[in-house]
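[1] Mind looking at a prediction? Sequence and model below.
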Amino acid sequence: MNHFDRNGGYQLLETASLVDFKVGEPIIKACTDGENIFLQVDLMLGDDDEEESADIAEWASFGLIFALAVLSFADARPRGLSDQDFIDDDEFTVSDMFECLRFVSGELRFSSDYLRGRCMKTDITVRKEGQLTLSTRNRGQAALRWLDRLQGKKMLMLV
């Protein structure tokens, strides 16, 4: 990753760290194979004030998407034949984010399947009223841990 890309990434992560959000009740469904799950969780940016939520969506969307994508990428592992493209110390870049980003029907949408050998299977949608939807496939409940980390919650560790 070049110097400019890394600095841009740090700025996006800093922006994401400034956002308060409320996590809704996750929807967890078994996939048709019975082995994997689909997880979807809605976030409301800011407090209960809808106007504030819309303002936060304007300045924080790129940072939140980048931060969640970084956490997804770091947690992702190869699956099946993607093992041949996997590089252990690889990093998610700002360029990666923009390759996966689209603006559709008034919504900013990030969608990644496999990226350089990692099974990300992560979708993020930010709506103009300040609602963000995070969904994953075949990732267990990892997305809930990412949200905890983004909110600064301490993770339990064995000592």
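    Arrived safely.
[2] Report the secondary structure state of Tyr10.
    Here Tyr10 is recorded as helix under DSSP: H, G, I helix; E, B strand; the rest coil.
[3] And it, what's its pLDDT?
    Tyr10 is assigned a predicted lDDT (pLDDT) of 94.
[4] neighbours around it, how many?
    Tyr10: 11 surrounding residues under other C-beta atoms under 10 Å. Every residue, glycine included, has its C-beta placed from N, CA and C.
[5] And Ile27, by the same measure?
    Other residues near Ile27 number 12, with proximity taken as other C-beta under 10 Å.
[6] Which element, helix or strand, includes Arg109?
    Using DSSP states H and E, Arg109 maps to strand 107-115.
[7] contacting residues for Lys121?
    By C-beta atoms under 8 Å, 6 or more residues apart in numbering, the contact set of Lys121 is Ser112, Asp113, Tyr114, Thr136, Arg137, Asn138, Arg139.
[8] elements contacting the longest helix anywhere in the chain?
    When the chain is parsed with DSSP state H, its longest helix is helix 50-75. When contacts are defined as 3 or more C-beta pairs under 8 Å, 6 or more residues apart in numbering; DSSP states H and E, helix 50-75 packs onto helix 3-17, strand 37-45, helix 94-99, strand 107-115, strand 118-127, strand 131-137, helix 142-150.
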